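[1] Structure for this input, please:
(3 chains)
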Amino acid sequence: MFCNIVFPIPLQQKFVYFLPEQIIKQFSNNEIRSLVGSRAIVDFGPKKDVIGVIVDVKEKVEFDKNIKPVKTIFDTKPLFSFEQLEFAKKIANKYFVSLGMVLNQFFPYEEKVKFTQSIIVSQNVKRVKLDVNVKYLEFIKDKKLLVFDTINEKFLFYTNIIFDIINKEKQLIILFPSNVYLIDFWKFLLKNINGESVLLVKSKVMLYTGELPVKERFRVWQLLRNKQINVVLATKVGAFLPFENVTNVVIDEADSLGYKNQEVPMYHACDIVQERVKTYNIVLNYSFFIPSAEFFYKNRKSVKFIKSCDNLAKIKVVKGELKKIILENIYKFKQTVVIFPYKGYARFCVCCICKHKIPIKKMVSEGFLCPKCGSKYYELRGTGIQKFVQKLYDINKNLTIEYIDSTLNTKKIEKIINDFNNEKIDVLVATPLLFNYIYRISFANVKSVYFVCLDSLLYSGSYLCYENVYRFITLCKVLLNSYNIADGEICLEIFHQKEYNDVLLSEIKVFFKKELKIRKELCFPPFCEVIKITLVSKNKNKLEDIIDIAKEKIRSVYLIEDIISEDKMFKVEIFIKMDKNFEYQMVQIKELILSKFDVRFDKVYVEYNPVL
DNA sequence: AGCACGCCGACT
DNA sequence: GTCGGCGTGCTC
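    Okay, the predicted model is just below:
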């Protein structure tokens, strides 16, 4: 008997090994096919004792060189199910990556941690019935996409669903876009249960993130598959968990970038779940404060708006009223939140010799040299958040002002938020990064949220600019609603008012209707799909060859960025707008690229619906 | 990728 | 003389 094995390396090949008598005997009670999906230890090339995954078993093979034996089977029961294996193959094909690498994303099997399959200790936890408010169970009955208007309501929804699942011995996975959100909810959950239930909930609900030690991840993986736990709270890696007993999946803020893998393969966890769920009978729900227009459109027939708070916050368009508002709030001992679009101190640097202007973000960290004239002298121009805060002190020297942007480390940001929550800060100035901490900020004493110079966000040229601004506004509403601020106000500072800007003040449904109409006319997502292929190579000619062939042969290619060089490497980006022959075209492109590419020097990144 | 082998230049 | 750079080939 022989088997094919894949390894967590970029080689897109299977390797044949033979199964010695001893191993066949060991597994003969079961069917020998049950080895598929198990890990095996083999010698591979010059390396000894490498872990790979068995992907198929067969009687005969055509291979004329010496075939090495499988040394040990690492698992008593396959780590990967048939469905997981088949799905991994699809992903490997879609993202031009090796199957072994994809499986390693499913579960980091290559780490030489000795897993024992029988570590499960049956906990003797007293079963108690958890109280469930049926109102929350109604939400998922017929609707798929849920939109909440307060933080509390969303968390209560999760809590009640979890309790119901535990009571009924079903299985649920909730995905969160970041570790931080997951922990925030976990704390909320533990705070809202009493004595007896705590033990039960702690034994039936587990966390699963990429940051956990592999041993702990394996434990959760096993417990879920063996039906010993009911709920897993996970980040994007949760999309690969064993789904065979799962009955429900809920994805929190599904269009968040937190679900996108930054490494190869650049999968989006929601796409993975959406596809895998089809194999089983799993109810999938999305929960949002504000979905993207794209997500809303794709689920438009099944949306439920959950109104738990009368919308009391006023929204108005203003021009240069920040000083006045801050002063008014100070006299009332109220706090002000200011959203400012630019991070850092300045926005550009200008060359002193030739006056060439370069955005700060494009500057190389040390040793500035003007790309036009080579001068090393420059001045800073434009107002970043730091400079803006300095100017705010002109209003009143005794104000306590702090700012938050991505130049600060997380510890500092946490401290500022803490001080703000304890009302030690009068004015909090922040870039939209602030919304990453949405569950941590207390708006209990906030009167106004002021968006400075929205023009810069509204007229930036991206097709998403109105949507982004609208979403920020809605998140502010959620925060004000969550702390029940009756007289809260949201101020939008717009200097060049355009007629279309009225959409920002409209209801969610109206906003989506108007936005989608424009998207359809101009053919932007969700009315088309964009694929970005990034090629990196040491050899510029190779890239030029591929571009020439791609331009000539592949119809759907609509944009090829110029070749740029970075650190002796050359990079080119190819954009494809998806059409009906999508699959066929991708096969064509894959063959073209992989036939010319060498895994040692060249890299391919395939991204679906990239952030433009 | 990760490793071995092999071919050249710069060194005690 | 040899130590070590990296270009090339291979992995069942």
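
[2] Residue A:606 looks like it's in a strand, true?
    Yes - applying DSSP: H, G, I helix; E, B strand; the rest coil, one finds residue A:606 inside a strand.

[3] That one reaches residue A:535, doesn't it?
    No - checked against C-beta atoms under 8 Å, the pair residue A:606 and residue A:535 is beyond contact range at 10.2 Å. The way it works is simple: take the backbone N, C-alpha and C, and place the C-beta from them, glycine included.

[4] what's around residue A:505, how many residues?
    Applying other C-beta atoms under 10 Å, we find 15 residues neighbouring residue A:505.

[5] Residue A:359 now?
    Counted with other C-beta under 10 Å, residues neighbouring residue A:359 total 11.

[6] So what pairs up with it in the strands?
    Beta-bridge pairing for residue A:359 (DSSP bridges): residue A:348.

[7] ok, it to residue A:349 distance?
    8 Å (C-beta to C-beta, to the nearest Å).

[8] Spell out which residues of chain A are next to DNA strand C.
    A:11, A:13, A:15-17, A:42-45, A:63, A:65-68, A:600 (C-beta under 7 Å from any atom of the strand).

[9] Need the max-distance pair from those residues.
    A:67 and A:600 (25.7 Å; C-beta to C-beta).

[10] got any ranges where the stretch 51-200 of chain A has weak pLDDT?
    For the stretch 51-200 of chain A, applying pLDDT under 70 flags the ranges A:112-123.

[11] Please enumerate the helices of it.
    Remark: helices assigned in the stretch 51-200 of chain A by DSSP state H, counting those that start in this stretch are A:82-94, A:99-106, A:134-142, A:151-167, A:179-191, A:195-204.

[12] Kindly report the same for the stretch 301-450 of chain A.
    Listed in chain order, the helices found in the stretch 301-450 of chain A under DSSP H, counting those that start in this stretch are A:322-331, A:385-392, A:410-421.

[13] Please tabulate those in TSV and include mean neighbour count and mean pLDDT as additional columns.
    Shown next, in TSV, are those (neighbours: other C-beta atoms under 10 Å; pLDDT from 0 to 100):
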stretch	mean neighbour count	mean pLDDT
helix A:322-331	16	95
helix A:385-392	17	94
helix A:410-421	15	97
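
[14] Now the stretch 151-300 of chain A against DNA strand C: closest residue?
    The stretch 151-300 of chain A approaches DNA strand C most closely through residue A:264 (17.4 Å), counting by C-beta to the nearest atom of the strand.

[15] and that residue, helix, strand or coil?
    coil.

[16] Identify the residues contacting the residue nearest to it when sequence neighbours are not counted.
    Distance criterion C-beta to C-beta, 6 or more residues apart in numbering; nearest residue to residue A:264, sequence neighbours excluded, is residue A:97 at 5.6 Å. Shown in contact with residue A:97 (C-beta atoms under 8 Å, 6 or more residues apart in numbering): A:10, A:12, A:91, A:264-265.

[17] give me that answer again for 10 Å
    Going by C-beta atoms under 10 Å, 6 or more residues apart in numbering, residue A:97 touches A:10, A:12, A:88, A:91, A:104-105, A:264-267, A:604-606.

[18] Thanks a lot, catch you later.
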